[in-house]
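1. Give me coordinates for this.
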Amino acid sequence: MSFLDWFKRNSQKETATARAVTTMVPLTGASKKGTPIKALVEEGYGMNAVVYACVRQIASAAGGVPWVLYKRRGSTLDEIEDHPLLKLLRSPNPLQGQSAFIESVISFLFLTGNSYIEGVSGGTGPIRELYSLNPANMKVLPHPIHIIGGYEFAVGQNKTKFDANEILHQKLFNPSDDFYGLSPVAVAALAIDKMNQGDRWNSALMENMAVPSGAFVSKQRLTDEQFQTLKREVADALQGAKNARKPLVTDGDLEWKEMGLHPRDLDWIEGSKLSASQIAMIYNVPGELIGLQDATFENRKEARKALYTEVVIPALTRLRDGFNHWLTPRYGSDLFLDFDKDGIGALSEDMDSLWKRANESTFLSINEKRRMVGYEDDPNGDVVLVSVGQLPLDDASSFRDAPGADESTPAKSCSRDYPAMEVEGKAFSPADRKRYARINKASELARKTFEKKYEPGIKKLLESEAVAVAKAYQQNQNSGVAQALESGAKKWSDLLAQLHHGVYSDSAPRALAQLKSWEPEHWETKADALGEARDLFELLALDFAKENAALAVTNLSKGSKSAINKIIADATAEGLGIAEIATALRDRLADLHPARAKAIARTEVHNAQTFAQEQQIKALDSGDMEKGWFWSGVSRGEHSEVDGVWVAMDGFFIVGGSRMSRPGDSAGGPENVINCACGLVFRRKK
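-> Numbers count the residues shown, from 1 in each chain. Got it, this is the predicted structure:
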């Protein structure tokens, strides 16, 4: 085929870019320019301490960062804790674990500018194994249409070809090559050569006891015999470290003339420092981490933060994007793989500072704060919290009339017969905070499901109650209102009992499942206790539902009476008649229904959820468990005072002067339970 025929065929390519690239590159293989990769790696990584230290720092840091998998649900991401893709990353192949595999990929990238990951699938399905291939043995095979047609792996005479979709090729930007990345070692080659040559010269000098090279010069011409004799005597008496400093006695008029430069003239030490600094600069690795600069503990801590934020995280972001383009879609289109920044210990102090700034910001909405700390938006979070009481600004007046808001003393809880205990400890480690944040996030999602389920029913009951109250007031005034509220109590009791029972039945097993996922061996030994507890849980759920429903109806009735009395008083002051007051009751109560229904649903679901979690673990506790208060960070700012507090399973948390067995406990009063998103967590005593 002539060149003209080939060019005509190329005119049908998909993009102008592909035409330009493949016209300039022979289709047999993309050329590798400059020094061969193997020589770069041997001279750089294998023989230069600074290159080795830089790459090792970057790769080992990247290898220690955990990875997480999310499932997309609209605009939100839900974390998945168990999935075949996560198992693949944890054990990518029989020879490597996750850390070693990531270290290998990142090391190749920062040595050669390229990394190649082979995915073994046996077809188009999910990948079963991942291998990091040596870039020195890889060759890109161009394609006239798709630019990359495949890859060739060659060791000696053995060659293996891969389709383009079998290899994930990561490369650093290279303005002079469309197929291969630019190696940082190649950029630093001159500095590496100077440093290595200086090391070799200095080593040779030390082997000769710091005596530089030179020559014996004779003022008279030597015969061949004299010349050979002198060479032999010099070799026997002077060469080698064992003969250093031995005197040489010769005949004739000889004098020694130094031919090499003095180390002072070469300024070897300063030149070596300059080369080392240039190499560290190219890799962007702080000198404090590789011994180029004296460092205090604080300096090293800040340097490690800089390493993660400026080098490791960008490198992992590149790898993450590659995985989500090449690997993740094989397991489902709605998955998103990411590395976990919260799992980086060096940045935990910055994360704590971020949480503190988010909480102390008085001008941000709940959702803006949630985004700051990495949480998804709450459907009801586009509100700004006022500083007093931390209630939504638009709903503050409505929450004043919430259930139990008119009581001067906290309501009695069904769990108040537990003795008070001393605080066992306070504070979460960064790792614990991350783990408990995940648990609280899962609990929050479960609460939202129940809130959405029961909120319409609560609103409907409030609406029917408002109609009944208005009608009763018009007929019998205040006595009619009391009777209307009393007659509706049964409906409220049935609905709330259903809510409490449903939430309890769902939440108790979740708490146990979470503990079993952490310590399966420990909890499997309690199999008999688990079996005995299952029957008890159903009875506890029914008792809890009945008792708390009755308590909630009492609080609801008081809250309703408070709102009704205020509306009647305001309408009377306006000079309205009985019929007009009845209309005002119906209309003004209707204005409160959305916010009040939401507050009731949140409060009762939260109460039932944390009580179920507490009772589930208590039923199995043999004295080695304790419970902790986890502050969500985005609501009830005053609850941050008990964040990280651990107490015994039958102990209390002191919250705003009230004793509470758990978040959501109605004993804390409306000021502590309304709009609270805190979680209850558990651990075995340390």
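2. From now on I want contacts and neighbour counts done on CA atoms only, so please keep to that.
-> OK.
3. Show me the shaky parts of the stretch 151-300 of the chain.
-> Applying pLDDT under 70 to the stretch 151-300 of the chain flags residues 202, 204-214, 237-253, 256-269.
4. again, only this time at 50
-> Scanning the stretch 151-300 of the chain for pLDDT under 50 picks out 210.
5. Where do the helices of it begin and end?
-> Assigned by DSSP state H, counting those that start in this stretch, the helices in the stretch 151-300 of the chain fall at 184-187, 189-207, 224-237, 263-266, 268-283, 297-307.
6. Repeat that for the stretch 1-150 of the chain.
-> Going by DSSP H, counting those that start in this stretch, the stretch 1-150 of the chain shows helices at 3-10, 16-24, 37-44, 49-63, 84-90, 98-112.
7. thinking again about what came up before, so of the helices of the stretch 151-300 of the chain, which one's packed in deepest?
-> Between the helices of the stretch 151-300 of the chain, helix 184-187 has the highest mean count of neighbours, a mean of 19, where neighbours are mean count of other C-alpha atoms under 10 Å.
8. Out of the helices of the stretch 1-150 of the chain, which is the most enclosed?
-> helix 98-112 (a mean of 23).
9. other SSEs contacting it?
-> Under the contact definition 3 or more C-alpha pairs under 8 Å, 6 or more residues apart in numbering; DSSP states H and E, helix 98-112 sits against helix 37-44, helix 49-63, strand 114-120, strand 129-133, helix 184-187.
10. quick one: average confidence on the fourth one?
-> For strand 129-133, the per-residue pLDDT values average out at 95.
11. Show me what that strand is in contact with.
-> 88, 92-93, 101, 104-105, 115-121 (C-alpha atoms under 8 Å, 6 or more residues apart in numbering).
12. cool, the shortest one as well?
-> By C-alpha under 8 Å, 6+ apart, the surrounding residues in contact with helix 184-187 are 35, 40-41, 44, 51, 110-113, 282-283.
13. Likewise for the first one?
-> When contacts are taken as C-alpha under 8 Å, 6+ apart, the neighbours of helix 37-44 outside the stretch itself are 51-52, 111-112, 135-136, 185-186, 189, 192.
14. ok and that helix relative to helix 98-112, angle-wise?
-> Put simply, helix 37-44 runs at 100 degrees to helix 98-112, going by axes from the mean of the first three to the mean of the last three C-alpha atoms, to 10 degrees.
15. Next, format the helices and strands packed on helix 98-112 as a markdown table and append distance to F336.
-> Putting the helices and strands packed on helix 98-112 into a markdown table (distance: least, C-alpha to C-alpha, whole Å) gives the following:
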| stretch | distance to F336 |
| --- | --- |
| helix 37-44 | 34 |
| helix 49-63 | 19 |
| strand 114-120 | 18 |
| strand 129-133 | 18 |
| helix 184-187 | 30 |
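16. okay, stretch 647-659 in CSV with CA atoms only?
-> Taking Å, rounded to 0.1, in the frame of the first residue of the first chain, the C-alpha atoms of stretch 647-659 are listed here in CSV:
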residue,chain,number,x,y,z
VAL,A,647,-20.2,6.4,80.2
ALA,A,648,-21.2,2.9,81.5
MET,A,649,-24.2,1.3,79.7
ASP,A,650,-26.5,2.3,82.6
GLY,A,651,-25.0,5.7,83.1
PHE,A,652,-26.1,9.2,82.1
PHE,A,653,-24.8,12.1,80.1
ILE,A,654,-25.1,15.6,81.7
VAL,A,655,-26.4,17.8,78.8
GLY,A,656,-27.2,21.4,79.6
GLY,A,657,-27.9,20.5,83.2
SER,A,658,-30.2,17.6,82.3
ARG,A,659,-29.5,13.9,82.8
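17. Which parts of the stretch 551-686 of the chain are helices?
-> 578-620, 670-673.
18. Check which helices and strands the first one sits against.
-> Which is helix 578-620. Looks like helix 578-620 contacts helix 396-399, helix 430-487, helix 489-518, helix 527-573, strand 679-684 (3+ C-alpha pairs under 8 Å, 6+ apart).
19. lowest-confidence stretch among the ones you listed?
-> Per-stretch mean pLDDT for these is lowest at helix 396-399 (a mean of 42).
20. How is the protein divided into domains?
-> The record's domain parsing of the chain by automatic domain parsing lists 26-209+286-339, 367-684.
21. possible to save those as CSV with distance to G345?
-> As requested, the domains of the chain are exported to CSV (distance: least, C-alpha to C-alpha, whole Å):
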stretch, distance to G345
domain 26-209+286-339, 9
domain 367-684, 7
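22. List just the one of the ones you listed that sits closest to Q278.
-> Ranking the domains of the chain by distance to Q278, with C-alpha to C-alpha as the measure, places domain 26-209+286-339 first at 6.8 Å.
23. and the end-to-end length of stretch 108-127?
-> Across its full length, stretch 108-127 reaches 22 Å between end residues, using C-alpha to C-alpha, to the nearest Å.
24. And the contacts of it?
-> If you take C-alpha under 8 Å, 6+ apart as the criterion, stretch 108-127 is touched by 37, 40-41, 45, 55, 105-106, 128-135, 166-172, 180-185, 327, 330-331.
25. Buried residues in that stretch, which are they?
-> 108-120, 126-127 (16 or more other C-alpha atoms under 10 Å).
26. Among those, which one sits closest to G74?
-> P126 (24.1 Å).
27. Just give me the longest strand of this protein.
-> strand 147-155 (DSSP state E).
28. How many residues are close by V311?
-> V311 sits with 17 neighbouring residues when counted by other C-alpha atoms under 10 Å.
29. I figured it hits M281, correct?
-> No - in this structure, V311 is not within contact of M281 by C-alpha atoms under 8 Å, at 11.6 Å.
30. can you list the helices of the stretch 151-300 of the chain in JSON lines and add distance to I147?
-> Formatted as JSON lines, the helices of the stretch 151-300 of the chain follow (distance: least, C-alpha to C-alpha, whole Å):
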{"stretch": "helix 184-187", "distance to I147": "25"}
{"stretch": "helix 189-207", "distance to I147": "30"}
{"stretch": "helix 224-237", "distance to I147": "62"}
{"stretch": "helix 263-266", "distance to I147": "50"}
{"stretch": "helix 268-283", "distance to I147": "30"}
{"stretch": "helix 297-307", "distance to I147": "35"}
